[in-house]
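Peer 1: Can you look at this prediction? I've put the sequence above it.
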Amino acid sequence: QVQLVESGGGLVQVGGSLRLSCTTDGRTFSNYVMGWFRQAPGKEREFVATINWSGTNTYYADSMKGRFTISRDNAANSVYLQMNSLKPEDTAVYYCGGKFGVITTSPNQIKDWGQGTQVTVSS
């Protein structure tokens, strides 16, 4: 199992920006897909964005397109989520997730999870 640690959450006003980071436990993996998911109170965990090992393929949930950007730095064993133009409905706990193999947008197919980081957008 790969250990994932998120950071960068916090409180931000509507229209503001945050950058989330997720770092693995120091090991370097090929073919390890990483992504971001979020879970608001009373709701199921949902897909936000994902990126393949080489960083050549990225996918976003429709409501995040144009506002969020996922990237990764394999030398730093890290994946990032730049969030701009934040809205109150973006308030949630954001989780970093990973798996080996093909890219996925389904939380059910994620093998490894971080502990989550809270993002709160105030109006």
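Peer 2: Perfect, thanks for sending it.
Peer 1: Look up which residues are beta-bridged to the most centrally placed residue in the chain.
Peer 2: Per Cα atoms, centre = their mean, the C-alpha nearest to the average position across the chain is that of W36, at 2.2 Å. Beta bridges link W36 to A49, C96 when assigned by DSSP bridges.
Peer 1: T120 is in what secondary structure piece?
Peer 2: Assessed by DSSP states H and E, T120 sits inside strand 117-122.
Peer 1: Mind giving me the packing neighbours of that strand?
Peer 2: If contacts are counted by 3 or more Cβ pairs under 8 Å, 6 or more residues apart in numbering; DSSP states H and E, strand 117-122 sits against strand 10-13, strand 18-24, strand 92-100. Every residue, glycine included, has its C-beta placed from N, CA and C.
Peer 1: Can you get me the start-to-end distance on stretch 72-84?
Peer 2: Separation of the first and last residues of stretch 72-84 by Cα to Cα, to the nearest Å is 17 Å.
Peer 1: now that stretch, how far from the chain's geometric center?
Peer 2: 9 Å (Cα atoms, centre = their mean, to the nearest Å).
Peer 1: buried ones in it?
Peer 2: Neighbour counts using 16 or more other Cβ atoms under 10 Å place R72, N74, N77, S78, V79, Y80, L81, M83 of stretch 72-84 among the buried residues.
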